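Asks: What shape does this take:
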Amino acid sequence: MENAHTKAPAECLAHFGVNENTGLTPDQFKKNLDKFGYNELPAEEGKSIWELVIEQFEDLLVRILLLAACISFVLAWFEEGEETVTAFVEPFVILLILIANAVVGVWQERNAESAIEALKEYEPEMGKVYRSDRKSVQRIKAREIVPGDIVEVSVGDKVPADIRIVSIKSTTLRVDQSILTGESVSVIKHTDPVPDPRAVNQDKKNMLFSGTNIAAGKAIGVAVATGVSTEIGKIRDQMAATEQEKTPLQAKLDEFGEQLSKVISLICVAVWAINIGHFNDPVHGGSWIRGAVYYFKIAVALAVAAIPEGLPAVITTCLALGTRRMAKKNAIVRSLPSVETLGCTSVICSDKTGTLTTNQMCVTKMFIVKTVDGDHVDLDAFDISGSKYTPEGEVTQGGAKVVCSAYDGLVELSTICALCNDSSLDYNESKKIYEKVGEATETALCCLVEKMNVFNSNVKNLSRIERANACCTVIKQLMRKNFTLEFSRDRKSMSVYCTPSKGDGGPKMFVKGAPEGVIERCAYVRVGTTRVPLTNAIKEKIMAVIRDWGTGRDTLRCLALATRDTPLKLEEMNLEDSTKFADYETDLTFVGCVGMLDPPRKEVTGSIELCRAAGIRVIMITGDNKGTAIAICRRIGIFSEDEDVSGRAYTGREFDDLPIHEQAEAVRRACCFARVEPSHKSKIVEFLQGFDDITAMTGDGVNDAPALKKAEIGIAMGSGTAVAKSASEMVLADDNFSSIVAAVEEGRAIYNNMKQFIRYLISSNVGEVVCIFLTAALGLPEALIPVQLLWVNLVTDGLPATALGFNPPDLDIMGKPPRSPKEPLISGWLFFRYMAIGGYVGAATVGGAAWWFLYDQTGPGVTYYQLSHFMQCHEENEDFAGLDCEIFEAAPPMTMALSVLVTIEMCNALNSLSENQSLVRMPPWSNFWLLAAMTLSMSLHFMIIYVDPLPMIFKLTHLSTEQWLMVLKLSFPVILIDEVLKFVARNYVEVSAEIK
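Replies: Now for the predicted structure:
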């Protein structure tokens with residue numbers, strides 16, 4: 001039924017042809033069940049395990065590696081002799097890498113599908129309905145409730161469908177609908193139509209929503225929506241329709257993979273093509289096919305060399321280390337790639353309640369009447385410290401601490417707060433925190449009573465459990481509560497009838513409620529222990545102060561407190577008729593007023609300043625009213641005290657009323673959205689993504705889940721719902737906005753470090769490609785074989801690359817604007833540096849092998865011509881007379897080449913401590929883990945050279961001291977080359993970028 005909230009109860013009943021007292025007939029039930037289906041959310045059909053596995057092999061680099069592995073397996077079958085075993089090592093290792101990556105990818109995606117399933121926890125199992133086949137109410141499975149059913153709900157029930165209230169069977173009906181709307185206090189419901197067809201859920205006061213909880217009262221209504229048609233069902237559909245976007249890093253790595261794939265393909269084809277003339281060389285036995293296969297193997301080796309196999313593992317390790325550091329700052333990361341995404345966050349959309357504020361209502365101000373002189377009144381106003389549910393805090397006046405027992409008015413005010421109250425404070429020993437039991441507003445009054453301690457109770461030696469309600473207990477021992485007149489909408493107040501436990505005093509009626517309703521029924525005002533007639537002039541002055549508190553900087557929620565000194569006798573009251581309660585609460589004496597709010601967290605203001613310095617815009621999004629939202633924004637620094645917020649703060653309705661192009665502009669400029677629904681949050685994220693902003697969205701309720709899933713970074717509260725946590729990438733253990741800022745800082749540091757180890761790994765791979773290309777182009781013997789390249793890429797290079805993740809962050813990391821998601825992973829200058837360093841690495845590696853052939857005392861001492869034409873070596877060729885052709889396959893030159901490559905990579909790791917800072921400014925010992933990783937890498941390299949049977953597997957042999965000295969001579973220049981490149985970057989490249 002559309003817009004049921006706009007229609008009268010009789011219209012809704014007539015729409016379904018149902019009677020409130022008898023309910024649906026069996027035929028009507030069957031007809032509606034066939035039409036609307038069962039009242040349940042359909043299970044999410046996830047991808048099969050095989051679909052997820054296949055998805056992991058859609059990456060181009062992965063496919064090239066898979067193809068290389070398959071080709072290597074085929075070629076390995078045709079190897080002969082000792083080559084057979086080692087030939088299978090390379091494809092086997094590649095397959096292991098691919099399987100490991102696929103397992104991690106599948107595990108992450110299976111976790112991501114749990115968000116929609118978590119919604120099912122909010123589906124109630126049972127419901128109470130009236131059906132014509134039974135005379136009384138009956139309990140049935142909630143899934144069997146259909147639109148048109150007459151449903152009964154009472155305190156403690158979970159609402160089983162979207163229901164239009166027909167009648168309320170108690171003095172008041174309160175509903176906790178925070179999971180759906182984000183409202184921090186329970187909502188009072190009524191039966192009157194809400195004429196606005198576009199009303200947001202918060203304003204539909206005559207509706208009960210599926211999955212919300214009845215906090216107080218009892219009511220009967222007609223089910224108007226079930227299953228996916230309910231508000232919670234619509235959220236489920238939004239979540240199901242939201243596709244997971246790739247993180248900026250994943251997008252950049254995909255882009256990089258495509259570019260690298262094209263380059264690899266081009267180089268492989270080129271290497272194979274330029275050697276077509278050598279296919280018939282004698283070394284291949286004169287067989288054109290064997291020559292083609294040989295150079296095809298070299299092309300495969302090139303592909304293996306060019307692809308940084310260790311990169312996925314190093315990135316995963318770096319992100320995992322980042323998650324551990326974030327966890328120490330109370331940010332629990334659920335999705336590893338999102339760690340890096342945090343680093344380029346440009347907008348944080350934060351929920352107000354519980355994130356920017358404590359979600360713990362606190363009384364911060366109160367006043368009593370000091371003196372009355374004719375129409376002139378002086379008030380005693382007090383400030384109360386504390387921003388959480390806790391009995392500790394101070395009452396001050398003008399900055400000076402006051403003793404509340406010295407003020408008779410405060411004693412009476414405290415008494416009213418304690419007795420006009422059905423809630424309490426409780427200490428949770430397992431969590432080590434105080435918690436509310438009951439209503440947030442009433443718990444705030446309990447905390448106030450404890451802070452005031454008007455009877456000077458000795459509370460110092462009490463346990464925390466005893467301390468929670470010590471002062472309230474004293475007051476309740478002095479006065480006995482006989483009965484309560486519950487809150488009702490018409491009089492906007494509640495009261496308790498009390499009699500003294502001891503002594504001769506008569507009964508009293510204590511009243512609390514909305515100031516305009518309570519003060520209107522006051523005839524007197526309390527001054528000390530006496531009462532003075534309340535004139536219209538005094539009444540207006542008191543209301544002026546209350547209005548100022550309610551609309552000023554704090555936008556406090558005010559409650560007036562009053563006493564009826566001589567109430568009616570018990571037998572003169574009809575407690576069954578709530579319409580007469582207002583008559584019993586007349587002739588009141590105004591005692592005082594308290595102002596409360598959900599206070600901002602103390603550390604939030606500093607975090608907002610830090611965001612501003614880091615170029616990050618903070619947007620508050622809340623279900624509360626606009627005035628309260630703007631007031632909180634001013635308190636925490638999103639808006640300045642006197643800032644004109646026109647065009648910078650909108651309600652959900654105001655936002656909807658704008659044309660699309662103005663909505664986009666509003667999202668670009670605004671920092672505050674109030675009275676919003678789930679659809680608004682998702683729409684705001686969409687607009688921000690259209691501006692290429694990277695958005696972090698916080699939330700804790702079911703209503704937040706679609707936006708959490710849509711945003712690049714969904715951040716759920718630790719105290720939030722399972723749905724919100726499942727839809728998010730990160731969970732805040734302490735629900736604190738400041739933890740988000742700390743996580744953003746960590747994300748920026750991680751990205752900087754990732755750039756360094758990606759640069760390190762890529763320049764290493766470029767060096768390997770240059771090495772293979774040079775040997776093929778110059779006609780030289782193989783300097784490195786695939787199994788050696790795999791060892792370098794995965795083990796020797798992988799350890800220092802991982803250690804680069806521990807590089808200390810830059811001091812000004814939060815003083816720079818967020819990087820653009822379009823910023824290339826590899827800029828033109830960076831590409832030139834890769835080429836320059838990689839070119840030297842490749843040339844030095846080939847040079848190490850060539851040196852052994854040409855100049856080493858233990859080498860053959862061949863000429864350069866013989867070395868570059870080794871393919872033509874055979875007994876009958878006079879150019880190679882007296883030379884054993886097998887020398888060109890000897891182990892020493894490969895060992896020299898591999899040792900140069902490994903040593904030069906260790907030097908290059910030192911270069912990667914900082915992108916542009918010299919090693920003089922950032923010395924090697926600034927990252928102890930890097931030095932340890934380099935030591936371990938060199939130790940492993942010595943192991944494959946000197947520990948049998950590894951030299952046989954890797955085709956290596958021992959090196960002499962002279963040979964090791966040549967390795968060092970060829971390796972160290974890479975540091976000097978990079979120092980020159982860093983100097984150019986600091987003094988010319990960065991300067992020109994700043995000018996632009």
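Asks: what's across from Arg139 in the sheet?
Replies: Lys128 (DSSP bridges).
Asks: what's the neighbour count on it?
Replies: Neighbour count of Arg139, defined by other Cβ atoms under 10 Å: 10. For glycine as for every other residue, the C-beta is placed from the backbone atoms N, C-alpha and C.
Asks: cool, and the one 5 residues further on?
Replies: With neighbours defined by other Cβ under 10 Å, the count for Glu144 comes to 17.
Asks: show me the contacts for it.
Replies: For Glu144, the contacting residues are 33, 38-39, by Cβ atoms under 8 Å, 6 or more residues apart in numbering.
Asks: same thing but 7 Å
Replies: The contact partners of Glu144, taken as Cβ atoms under 7 Å, 6 or more residues apart in numbering, are Asn39.
Asks: Could you list the low-confidence segments of the stretch 151-300 of the chain?
Replies: Residues of the stretch 151-300 of the chain meeting the criterion pLDDT under 70: 182-184, 241-249, 278-279, 281-287.
Asks: Now do Asp378 against Val527, distance only.
Replies: In this view, Asp378 and Val527 are 10 Å apart by Cβ to Cβ, to the nearest Å.
Asks: Can you work out which residues contact both of the two?
Replies: Common contacts of Asp378 and Val527 (Cβ under 7 Å, 6+ apart): Thr371.
Asks: Between the two, point out the one with more neighbours.
Replies: More crowded of Asp378 and Val527, by other Cβ under 10 Å: Val527, with 18 against 11.
Asks: Could you give the bridge partners of the more buried one?
Replies: The partner list for Val527 in beta bridges (DSSP bridges) reads Thr530.
Asks: Trp929 - how many residues pack around it?
Replies: Trp929 has 16 neighbours, counted by other Cβ under 10 Å.
Asks: dump the residue contacts of it.
Replies: Here Trp929 is in contact with 803, 806 (Cβ under 7 Å, 6+ apart).
Asks: so what pLDDT did it get?
Replies: Listed pLDDT for Trp929 reads 88.
Asks: And what about it, helix, strand or coil?
Replies: Three-state call for Trp929 (DSSP: H, G, I helix; E, B strand; the rest coil): helix.
Asks: Helix or strand next in line after the longest helix anywhere in the chain, which one?
Replies: Counting by DSSP state H, the longest helix found in the chain is helix 737-778. Using DSSP states H and E, the helix or strand that follows helix 737-778 towards the C-terminus is helix 786-791.
Asks: Relative to Asp598, how far out is Asp554?
Replies: Separation of Asp554 from Asp598 (Cβ to Cβ): 11 Å.
Asks: Show me which of the two is the more surrounded one.
Replies: Higher neighbour count among Asp554 and Asp598: Asp598, with 23 against 20, using other Cβ under 10 Å.
Asks: and the gap between the more buried one and Ile630?
Replies: Asp598 is 14 Å from Ile630, by Cβ to Cβ.
Asks: same check, this time on Ile220
Replies: Separation of Ile220 from Ile630 (Cβ to Cβ) stands at 39 Å.
Asks: In a strand, Met620, correct?
Replies: Yes - under three-state DSSP, Met620 sits within a strand.
Asks: Let me know the average pLDDT across stretch 540-560.
Replies: 89.
Asks: mind listing what Met326 touches?
Replies: 333, 743, 746 are the contacts of Met326 under Cβ under 7 Å, 6+ apart.
Asks: wait, isn't the second one in contact with Leu342?
Replies: I take that to be Ala743. Yes - using Cβ atoms under 7 Å, Ala743 is in contact with Leu342, at 5.4 Å.
Asks: Just give me the neighbour total for Glu412.
Replies: For Glu412, using other Cβ under 10 Å, the count is 23.
Asks: Which parts of the stretch 1-150 of the chain are strands?
Replies: In the stretch 1-150 of the chain, strands defined by DSSP state E, counting those that start in this stretch lie at 126-130, 138-141, 150-154, listed in chain order.
Asks: Quick one: the ones you listed as CSV, columns for distance to Ala320 too.
Replies: Formatted as CSV, the strands of the stretch 1-150 of the chain follow (distance: least, Cβ to Cβ, whole Å):
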stretch, distance to Ala320
strand 126-130, 44
strand 138-141, 44
strand 150-154, 47
